[in-house]
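1. sequence first, predicted coordinates after that:
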Amino acid sequence: DVKVTQSSRYLVKRTGEKVFLECVQDMDHENMFWYRQDPGLGLRLIYFSYDVKMKEKGDIPEGYSVSREKKERFSLILESASTNQTSMYLCASSLVGMRNTEAFFGQGTRLTVV
Amino acid sequence: AQSVTQLDSQVPVFEEAPVELRCNYSSSVSVYLFWYVQYPNQGLQLLLKYLSGSTLVKGINGFEAEFNKSQTSFHLRKPSVHISDTAEYFCAVSGEAAGNKLTFGGGTRVLVKP
């Protein structure tokens, strides 16, 4: 089975801190994604990556950056955490092309910024 | 650009009654369509997907969806729901463009009442 693992289920950070959210997948997927989930807004794409060291902005990249140094790992970075970044963060991965475009999700990290 | 609209934010339904969750999409290219389910405090799990072929797609747990290209819809149905179907359901669209970016709707929360 495909496994997408997020390093923390719950995090509490202070305003202004630099925050790292880590995601690892074990199925050699090319694509990796970071979403945030807020009530009534569904999932909104922050950043995605289709290859090592490649990244593209999603719909709400402001205040975030990402790093993909290895194929299996995709990190989301909050440069200076703010209270409006309190949210559930979901990582996902998928293959490229028509073979299988299904995305597999991690369990999520609930981040609270105080 | 692609987008997804889920027309109902909440759907209360009695146990053993049928349910339909509505999803409309917009996209300028060929699309792949998905329904995901999120049980409380869990990540997203794929219910079913449409990639090509038959427009009626059957998924897990007795769910099915019908792709209607002329109406740009992909509604999800189940003829008889169980208490365990209480969850949030997300419709999503992706395409053949590089990265297969996955765009989600706002979600529909289904509450099954005894």
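-> In hand now; what should we look at?
2. where does chain B have low pLDDT?
-> By pLDDT under 70, the weakly predicted segments of chain B are B:28, B:96-100.
3. who in it is up against chain A?
-> By the rule CB under 8 Å from any CB of the partner chain, the part of chain B lying against chain A is B:6, B:9, B:32, B:34, B:36, B:42-46, B:49, B:51, B:90, B:92, B:94, B:96, B:98-107. Quick note: C-beta positions are derived from backbone N, CA and C, even for glycine.
4. got a quick PyMOL command for the buried subset of those?
-> Selecting just the buried residues from the residues of chain B next to chain A in PyMOL takes one command, with 16 or more other CB atoms under 10 Å in any protein chain shown as the test:
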select buried, chain B and resi 6+32+34+36+43+44+46+49+51+90+92+94+99+100+101+102+103+104+105+106+107
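5. tell me which of the residues of chain B next to chain A fall in strands.
-> Under the assignment DSSP state E, the residues of chain B next to chain A contribute B:6, B:32, B:34, B:36, B:44-46, B:49, B:90, B:92, B:94, B:103-104 to strands.
6. next, count neighbours for the nearest residue to A:Tyr64 once chain neighbours are set aside.
-> Nearest residue to A:Tyr64 in three dimensions, chain neighbours excluded: A:Ile46, at 5.2 Å (CB to CB, 6 or more residues apart in numbering or on different chains). Per other CB atoms under 10 Å in any protein chain shown, the neighbour tally for A:Ile46 reads 23.
7. do the same with B:Phe63
-> B:Phe63 has 21 neighbours, counted by other CB under 10 Å.
8. shouldn't it be in contact with B:Lys49?
-> No. Assessed by CB atoms under 8 Å, B:Phe63 is found out of contact with B:Lys49, at 11.5 Å.
9. hmm, back to that, mind listing what's buried along the host helix or strand of the residue nearest to A:Tyr64?
-> Using DSSP states H and E, A:Ile46 sits within strand A:42-51. Neighbour-count burial for strand A:42-51 flags A:Gly42, A:Leu43, A:Arg44, A:Leu45, A:Ile46, A:Tyr47, A:Phe48, A:Ser49, A:Tyr50 (criterion: 16+ other CB under 10 Å).
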